[in-house]
Each structure stands twice: as C-alpha cells, then as structure tokens.
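> Okay, structure incoming, though there's no sequence with it:
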Ligand code: KG4
Ligand code: ZN
C-alpha cells in the first residue's frame, strides 16, 4: 500500500486567513478559515493594509488549529503548501513568510501554489471521481477565467475578463443598490424576490476573443438605469434590478462556457471561485450541462470562497509531480496561471 501524503496548506491572498490539513489531495482533515469580512465591511471593500495586519495576528493560531483539528502534528506533514499569487502583495507575504519559516525550521518541503489552481482543485475534494481533462469556469472577486484543465497542474486559458471580474461586478452593483459588501451573497438572496426578466441589461461579447468576458458595460448599464429612475422620480425595484443583473451575468457565463465545452468536446464541466456559490448560477449550469449531456461539478459553497483546503488539494498534485520551492519563494501579486 502506498504511503499517505499529508499537506499543511496556508492561504492568505485576500481577506481570509486560512489553514487546512489535506490527506492524499482529496480528504480534508481540517479547514480553518478566519474571515475578515466584518472588518472590511465598513469600508465597502477590502483594505489591503488592514488585511495584512490581521493575517499577521491570526495566522499562527489558524495553523495550530488546523493541525489540532486534524489530530496531526507538524512532523506528520509531507509538505507545506502556500498560495504565493495572485493576490494582495502584503497579504500574500504573510502566508509565504510563515510557510517558509515553518519549512526552514522543520525541514518539511515547501510547495508554492497558484490561487486559481487552488480554486479549480476545490472540485477534487468532494468529487473523488473527477479527473482531468475538463473545462472549468473560475469566477471570483478577482478573477473570471475559462480554463481547459488538460491534466493536473496543466492549464490552458481559453478566456478571461477584459475589465471587471464577475464577483467585482456583483460587489459594485450591490453597492449601487445599497446592499453593502460583499455584494454577491446579498444579490443572490435578493434576486429570489425579483423578476430576472424585468429589465433587459446588455450581454457583452468581445468581438475578437469569443471566450473573453466584459462586465464593466453591464455595471454601467445598471448605474445608468438607477440614475434614470432617480431623474424620472420612479421608484426602483431593487429585487428586480438584482435579479435582472444576475441573469445577465449568468447568461454570458453559461453561453461562453458551453461554447467552449462543445468546441473542445469536453465531457466534464466544473465551476469554481466565490461566485460559483451563487444559487441561480449553479441551477443554470446544472440545466445547461444536462442539455449538453455532460457531467457538472461544483464545490460546496465553503470550498468556493477562499479557503486553504483547495490549496492543499492543488499542493498535493504539485507535490507528487515534484514541484518544490526554495526559501527564495516570493509573493507574486500578478502571477499567471501555469507560470513557475
Ligand atoms: O473566491 P473568493 O472568495 O475571493 C477571490 O479570490 O476573489 O470570491 C469572492 C467573491 C466576492 O466578489 C463575492 O461577492 C462573490 O465572490 N460571491 C458571490 C456569492 N458568494 C460570494 N457572488 C455571487 N453569489 C454568491 N452567492
Ligand atoms: Zn479566491
């Protein structure tokens, strides 16, 4: 029997301080997340300096808790996996420095992980049968990528956003209709009371790149709609705005994704990232994949938003491929997927 591989994973790229212990890439023994959302809410978004400081305060405690909940000790770990990009540089540095210090002191190998590779790998946790190749849509606060996952750790980016990320559009529209930060879950909830066909917002296409996305025009269309209502003295039905905006985002995501599925003959499709926890988006993809007669995969909401278990899953596949990083590993705020 092969030896079990245990990964201690650390994630601090944005506003979650997280650590997890993952066994053989797919079994989560612990998943500790200290969310800073409440701290940033009063500013209407993540304040990088506050995020970094809070990570420093919390990271050791979160790591200790991850080990103790897993009923493991540091010496049981085969590797320390850490997100080294993309993300906020000061926030990333806290995780990277901590991982390097632990690796240096213990002699346990260090494996740097790309944050988006982590989001994609979240799908392996609860879908033990899922293996590449598959097409994956990664939609979060910072990223909107349509990716062809050819093999573990081998990615081809088919499309990306030209401007705002999908989650960013949710957050901005939520702010405009007075819902506050983070907007995604709030729009998700309010949309259930609204009519998605009440207002027709644009579905943008990028002429020369069929899989690319653009959400800034949609955001402007919502703002213009709100302004014109105000000027005409008409009352805004916020639930209708939320539902119609959400439908416009989902329509574009589904259409581009299914075009890619057909073009590349994929038999499996997965979603990942914070926006992937959106309930209407999940329903829409469930239906679209059924129509295409392909398998649909999605992580549970807790593995969609930032967490370290997903970094442990990605770190495992990097580790068994032989990826190791030295103590010169640095935080790379704009790290590209597939870059070393
Ligand atoms: O993956 P994530 O935690 O962080 C990044 O890597 O960016 O994603 C956070 C984003 C935020 O923009 C948040 O508004 C959005 O995911 N989000 C949602 C939902 N839950 C979180 N968007 C739409 N519907 C949701 N239920
Ligand atoms: Zn993320």
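Alright, I've got the coordinates. This is a predicted model, so every value here is computed, not measured. Ligands and ions are numbered 1, 2, ... in the order given.
> Which stretches in this structure count as strands?
6-11, 16-23, 27-35, 79-85, 110-114, 134-139, 144-151, 154-160, 268-272, 295-297 (DSSP state E).
> and the shortest one, which strands flank it?
It refers to strand 295-297. Here strand 295-297 is paired, per DSSP bridges, with strand 268-272 (parallel).
> ok so, going back, using TSV, lay out the strands of the chain together with mean neighbour count.
Placement of C-beta: from N, CA and C, glycine included. Shown next, in TSV, are those (neighbours: other Cβ atoms under 10 Å):
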stretch	mean neighbour count
strand 6-11	29
strand 16-23	28
strand 27-35	19
strand 79-85	28
strand 110-114	27
strand 134-139	27
strand 144-151	21
strand 154-160	18
strand 268-272	25
strand 295-297	18
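> Export these to TSV and append columns for mean pLDDT.
Listed next are those as TSV, based on pLDDT from 0 to 100:
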stretch	mean pLDDT
strand 6-11	98
strand 16-23	98
strand 27-35	97
strand 79-85	98
strand 110-114	98
strand 134-139	98
strand 144-151	97
strand 154-160	96
strand 268-272	98
strand 295-297	98
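> so which of those gets nearest residue 196?
Nearest to residue 196 among the strands of the chain is strand 134-139; the distance by Cβ to Cβ comes to 18.0 Å.
> what separates residue 318 from ligand 1, distance-wise?
As judged by Cβ to the nearest ligand atom, to the nearest Å, residue 318 and ligand 1 stand 19 Å apart.
> oh, I was asking about residue 286
15 Å.
> what residues are up against that residue?
By Cβ atoms under 8 Å, 6 or more residues apart in numbering, the residues touching residue 286 are residue 296.
> begin at 21 from here
Sure thing, new numbering starts at 21, so read that last one as residue 306.
> What pLDDT is listed against it?
If you check residue 306, the pLDDT there is 98.
> hmm, back to that, between the strands of the chain, which one is nearest to residue 248?
That would be strand 164-171 among these, by Cβ to Cβ, at 27.6 Å.
> how about the strands of the chain, which one is nearest residue 348?
Closest among these, once you apply Cβ to Cβ, is strand 130-134, at 10.3 Å.
> Counting by contacts, list what that closest one packs against.
Using 3 or more Cβ pairs under 8 Å, 6 or more residues apart in numbering; DSSP states H and E as the contact criterion, the elements in contact with strand 130-134 are strand 99-105, helix 109-126, helix 329-341.
> how far out from the middle of the chain is the longest one?
Same thing as helix 109-126. Counting by Cα atoms, centre = their mean, to the nearest Å, helix 109-126 is centred 21 Å from the centre of its parent chain.
> In this structure, what helix or strand scores lowest on average pLDDT?
In the chain, the helix or strand scored least confidently by mean pLDDT, DSSP states H and E is helix 57-61, which has a mean of 87.
> got the buried residues for that helix?
For helix 57-61, the neighbour count (16 or more other Cβ atoms under 10 Å) marks residue 60 as buried.
> Tell me the gap between it and the middle of its chain.
Relative to its chain's centre, helix 57-61 lies at 18 Å (Cα atoms, centre = their mean).
> what's in contact with it?
35, 66-67, 70-71, 74, 200-202.
> Only whichever of those are buried, select them in PyMOL.
Remark: buried members of these, expressed as a PyMOL selection using 16+ other Cβ under 10 Å:
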select buried, resi 35+66+67+70+71+74+201+202
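> quick check, nearest of the contacts of helix 57-61 to ligand 2?
residue 35 (10.0 Å; Cβ to the ion).
> Which residue is the nearest non-sequential neighbour of the closest one?
residue 56 (4.3 Å; Cβ to Cβ, 6 or more residues apart in numbering).
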